[in-house]
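Asker: Fold the following, please.
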Amino acid sequence: DVSTAQQLVDQVAAEQDAAIDQYQAEIAEEGESEVDLAAFAAALLEAAGKRDAIRGEMNQLKVERLALQSRIARVDALPALRQVDAWCADLTEDLAGDVGTAEVPGEAKQVLVHPGHDGAATYDQARDGALQPALSSTPAGVFYNLAMLPGWQKWRPTYRIATITSISAIADTCAIDLAP
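Answerer: Below is the predicted model:
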């Protein structure tokens, strides 16, 4: 498109040059000329404007492509999925496959396997969700999550941290101290 538009500009410029030559020749011979140089100048400005608009669109697309390439490079640089050792609070020892996890503070600081009684340890996207690096989200999404996290951790925690202080083997129960 730029090449075609440039060819039109070159053609209009050549026509304008020919008109100037004709104008100068008529002025030299007759003292006046009927050649409308303003019309040729306007046509040249219009053709150049269209060419420049196409160039601007092309430059904008180049900038967008660079921005997308930069984002792809950032996403490609994200750490690979990680594997961690985790334990299950109800001592389910026969778990296999994908299991749900409980990130106690809503972050990957302490990961627990979702309790496995009645087959509940199996991963459920609706219940378990998925932690992801901030770079894989939008800026607005990252801001929202960071802004909401402290209040959510305090007022609507999904899980709480506790320490088992004593275990009663007879009643199959335990006593705990909840973390503040």
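
Asker: So which helix or strand of this protein has the lowest pLDDT on average?
Answerer: strand 87-88 (a mean of 69; mean pLDDT, DSSP states H and E).

Asker: Would you mind putting the CA coordinates of stretch 111-127 into CSV?
Answerer: Only the C-alpha atoms of stretch 111-127 are listed here, as CSV (Å, rounded to 0.1, in the frame of the first residue of the first chain):
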residue,chain,number,x,y,z
VAL,A,111,0.8,-25.7,50.1
LEU,A,112,-1.3,-28.5,51.5
VAL,A,113,-3.1,-31.3,49.7
HIS,A,114,-6.8,-30.9,49.9
PRO,A,115,-8.1,-33.4,52.5
GLY,A,116,-8.7,-36.8,50.8
HIS,A,117,-11.6,-38.2,52.7
ASP,A,118,-14.5,-39.4,50.5
GLY,A,119,-12.3,-38.8,47.4
ALA,A,120,-12.3,-35.0,48.0
ALA,A,121,-8.6,-34.6,47.2
THR,A,122,-9.1,-34.9,43.5
TYR,A,123,-8.5,-31.6,41.7
ASP,A,124,-11.8,-29.6,41.1
GLN,A,125,-11.2,-26.4,39.2
ALA,A,126,-14.3,-24.7,40.6
ARG,A,127,-13.2,-25.4,44.1
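
Asker: for the chain, what spans make up the helices?
Answerer: Using DSSP state H, the helices of the chain run over 2-30, 37-76, 125-128, 139-155.

Asker: Let's have those helices in TSV, adding distance to A86.
Answerer: All C-beta atoms are positioned from the backbone trio N, CA, C, and that covers glycine. Listed next are the helices of the chain as TSV, based on distance: least, CB to CB, whole Å:
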stretch	distance to A86
helix 2-30	58
helix 37-76	26
helix 125-128	13
helix 139-155	20
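
Asker: And K154, what's its pLDDT?
Answerer: In the prediction, the pLDDT value recorded for K154 is 78.

Asker: Kindly list the main-chain dihedrals of the residue nearest to the spatial centre of the chain?
Answerer: For the chain, the residue nearest the mean C-alpha position is T138 (4.9 Å; CA atoms, centre = their mean). Backbone torsions of T138, given as degrees, to the nearest 10, read phi -80, psi 160.

Asker: mind listing what it touches?
Answerer: T138 makes contact with no residue, according to CB atoms under 8 Å, 6 or more residues apart in numbering.

Asker: How about T92?
Answerer: T92 touches 113, 115-117, 121, counting by CB under 8 Å, 6+ apart.

Asker: where does V99 land on pLDDT?
Answerer: 81.

Asker: ok, the closest residue to it other than its chain neighbours to D94 distance?
Answerer: Using CB to CB, 6 or more residues apart in numbering and skipping the chain neighbours, the partner closest in space to V99 is A121 (4.8 Å). Going from A121 to D94 by CB to CB, to the nearest Å gives 10 Å.
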